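**Q** with the input below, show me the fold.
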Amino acid sequence: MLLYPRSKNRPFHFGPYPLETLPRDDAVVARETSTPRHDDTTAEANDNALSQAAVRYREIFAGFADGDVAPAEAPVPDDLERRAVDIKGGGYFMDADQVGICAMPESAWLDDTAAHAHDHAIVFIVAVPGLPEPDNLARDWMTGSADAISELRVAEIGICLAGHIRAMGFQAKAHMLDACGVDRERLAVLAGLGVRTNEGLRNPFAGNAFSIGVVTTDYSLATDRPLAASALKDQGLAYWWGIGGAVSGRERRRRAKRASHLSRYPMETVKRVDRPTTLILDDEIPRVPKRAAFFQRA
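**A** Numbering: from 1, shown residues only. Predicted coordinates:
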């Protein structure tokens, strides 16, 4: 483990969290499909300028939630597991924190339409971003915008995934806050991304600070099993040390302690020099203004 990272051999579609190690409970399916629907499709607008901008862009994305389907189906594999690998990989490529898939029960639709063409749901979550440290000047203008930013992020991912599936010749629709036709929390539970508690929906790694995105589709996929309630317990040394190649708990703690302007990599420790070590002939290299390269400032 000291010679090379275990993540080297981790399948990309497993994602950065060790979801594959969590206990599952099939009894959750019957319980979820028999309970009343929950509508969380609207939210109060925040006066924060950044939050308002995020809401505005989410409204724009809503116009692309659904669309035309390619006239012919792509030569997709018949193996549903292989299909799920591709779809999950697409979600993780777009930086979703966790991705799960479930069958689409009738009780998860928020409207009363008798028949829906979509029988599968791709569910993904994005953790609510943390605020910069108190002495950071960015903290004031970012306060109050974290939820709107994570909701915008799941909207972006959903739009891209749904568009990709439609381009393969299958129906797909993205569901997001203020433009949602499904019970997002129910689908997160069924897809193995959340557990219901007395304090609301919780994820074993993100707690309750995350946004949920959903894509419903008629593209058949292998499904995940719901989490058992015991999945919320401490993940222990396996998670702490990153067994299986997932990002370890200690690495996440290290990142959380770093000043937000430093990013995740310790570039501040890299040795610097006043001049580049590559030979540069200053008198032979013209200094060209960016506007000469047709760069336009916003």
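**Q** got the contact list for Lys257?
**A** When the contact criterion is Cβ atoms under 8 Å, 6 or more residues apart in numbering, Lys257 has no partners at all. Where C-beta positions appear, they are placed from N, C-alpha and C, glycine not excepted.
**Q** OK, contacts around Leu161?
**A** For Leu161, the contact set (Cβ under 8 Å, 6+ apart) comprises Ile87, Gly90, Gly91, Met94, Ile122, Ala172, Ala174, Val215.
**Q** which pair of these spans the longest distance?
**A** Using Cβ to Cβ, the contacts of Leu161 reach their maximum pairwise distance at Met94 and Ala172, which is 14.8 Å.
**Q** please identify which of those two sits among more neighbours.
**A** In terms of neighbours (other Cβ atoms under 10 Å), Ala172 is the more surrounded of Met94 and Ala172; the figures are 25 against 18.
**Q** that one contacts Val214, correct?
**A** No: counting by Cβ atoms under 8 Å, Ala172 does not reach Val214; the two are 10.7 Å apart.
**Q** who touches the worst-scoring helix or strand of the chain on mean pLDDT?
**A** Using mean pLDDT, DSSP states H and E, helix 236-241 stands out as the lowest-scoring helix or strand of the chain, at a mean of 83. Under the contact criterion Cβ under 8 Å, 6+ apart, helix 236-241 has outside partners Pro18, Thr21, Ile243, Gly244, Ala246, Ser248, Gly249, Arg250.
**Q** now with 10 Å, please.
**A** Under the contact criterion Cβ atoms under 10 Å, 6 or more residues apart in numbering, helix 236-241 has outside partners 1, 6, 17-18, 21-22, 204-205, 234, 243-244, 246-253.
**Q** buried among those residues? Need that as a selection in PyMOL.
**A** One line in PyMOL is enough to select the buried members of these, burial here meaning 16 or more other Cβ atoms under 10 Å:
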select buried, resi 17+18+22+204+205+243+244+246+247+248+249+252
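**Q** just give the closest residue to the residue most central in space within the chain, not the sequence neighbours.
**A** The residue at the geometric middle of the chain, judged as the C-alpha nearest the mean C-alpha position with Cα atoms, centre = their mean, is Ala96 (2.3 Å). Nearest residue to Ala96, sequence neighbours excluded (Cβ to Cβ, 6 or more residues apart in numbering): Phe124, at 4.0 Å.
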